[in-house]
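J.: any chance you could fold what I've pasted below:
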Amino acid sequence: MEPVTRVEGRAYPWGAKNIDTDIIIPARWLKTTTREGLGQGAFESVRAEAGNLFDDPRYAGAPLLIAGENFGCGSSREHAAWALGDMGVKAVIAPSFSDIFSGNAFKNGIVAVVLPQEAVDRLVEVARDSPVTVDLETMTVTTPFQDRFAFEMDPFRRACLMQGLDEIGITLARDEAIAGYEGSVAQARPWLSATAGNAPGRAAAA
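T.: The predicted structure is shown next:
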């Protein structure tokens with residue numbers, strides 16, 4: 001997972017409420033065994049409408065998405081976060097998120113920013129023509145027009161995003177401590193590391 005400290009650029013000025021994971025990525029796309037290519041199916045039903053913003057060349061490759069409340073509700077499919085990542089979205093700004101989607105986004109390096117509805121409305125307006133910046137160091141969302149909206153985030157999630165650590169990375173970062181603990185256990189309780197064939201009591205039970 002790549003570190004994320006700042007996401008800056010054009011944003012999809014959507015603002016739609018109660019967008020569930022089936023809208024983000026339809027069920028027919030879930031048969032894939034890889035994350036690559038899911039961006040093609042992202043918001044498929046929305047893209048079927050003429051003049052939709054996801055196919056608007058002004059927002060092509062936009063790294064931010066501005067949505068309405070309860071974004072990512074519905075099923076727990078992690079494919080929703082995969083699809084957003086594959087289409088280039090690195091941060092989503094909304095008044096609220098589904099807890100499961102928020103967790104999946106974090107685990108896949110996507111910043112989920114919660115802001116009041118008034119701030120989201122303002123960002124939708126600005127994003128139609130201008131860039132938006134999400135800064136994890138200052139914990140703010142800013143615009144070229146001196147808008148500055150502070151947001152909060154769990155410190156652990158913030159640190160993981162900024163360091164590019166997923167669950168595997170967090171474990172590997174403590175490799176020395178884990179190896180040291182396993183070594184001490186092996187010395188104190190050698191029978192725990194014995195092979196199945198030499199385990200105490202096995203021969204007697206045979």
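
J.: so who does residue 162 touch?
T.: If you count contacts by Cβ atoms under 8 Å, 6 or more residues apart in numbering, residue 162 has them with 3, 4, 5, 136, 137. (Glycine included, C-beta is placed from N, CA and C.)

J.: at 6 Å what do you get?
T.: 3, 5, 136 (Cβ atoms under 6 Å, 6 or more residues apart in numbering).

J.: next, count neighbours for the last one.
T.: This points to residue 136. 21 (other Cβ atoms under 10 Å).

J.: output the contacts of residue 162 as a markdown table; include the columns secondary structure and distance to residue 159.
T.: Shown next, in a markdown table, are the contacts of residue 162 (DSSP: H, G, I helix; E, B strand; the rest coil; distance: Cβ to Cβ, whole Å):
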| residue | secondary structure | distance to residue 159 |
| --- | --- | --- |
| 3 | coil | 11 |
| 5 | coil | 11 |
| 136 | coil | 9 |
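
J.: please identify which of these is nearest to residue 176.
T.: The closest of the contacts of residue 162 to residue 176 turns out to be residue 3 (Cβ to Cβ; 21.4 Å).

J.: let's verify residue 134: helix, strand, or coil?
T.: strand (DSSP: H, G, I helix; E, B strand; the rest coil).

J.: quick one: contacts for it?
T.: Going by Cβ under 6 Å, 6+ apart, the list of residues near residue 134 reads 7, 91, 111, 113, 141.

J.: cool, and residue 184?
T.: By Cβ under 6 Å, 6+ apart, residue 184 has no neighbours at all.

J.: model confidence for it, exactly?
T.: Residue 184 is assigned 82 on the pLDDT scale.

J.: any idea which helix or strand carries residue 176?
T.: Per DSSP states H and E: residue 176 is located in helix 175-188.

J.: and what of residue 93?
T.: Residue 93 is part of strand 91-94 when elements are defined by DSSP H and E.

J.: now swap in residue 12 and tell me
T.: Counting by DSSP H and E, residue 12 is part of strand 11-13.

J.: what comes into contact with that strand?
T.: So strand 11-13 is in contact with 53, 59, 62, 64, 65, 66, 124, 127, 128, 132, going by Cβ under 6 Å, 6+ apart.

J.: find the residue closest to the last one in space, skipping its chain neighbours.
T.: The shortest distance from residue 132 to any non-neighbouring residue, by Cβ to Cβ, 6 or more residues apart in numbering, is to residue 11 (4.6 Å).
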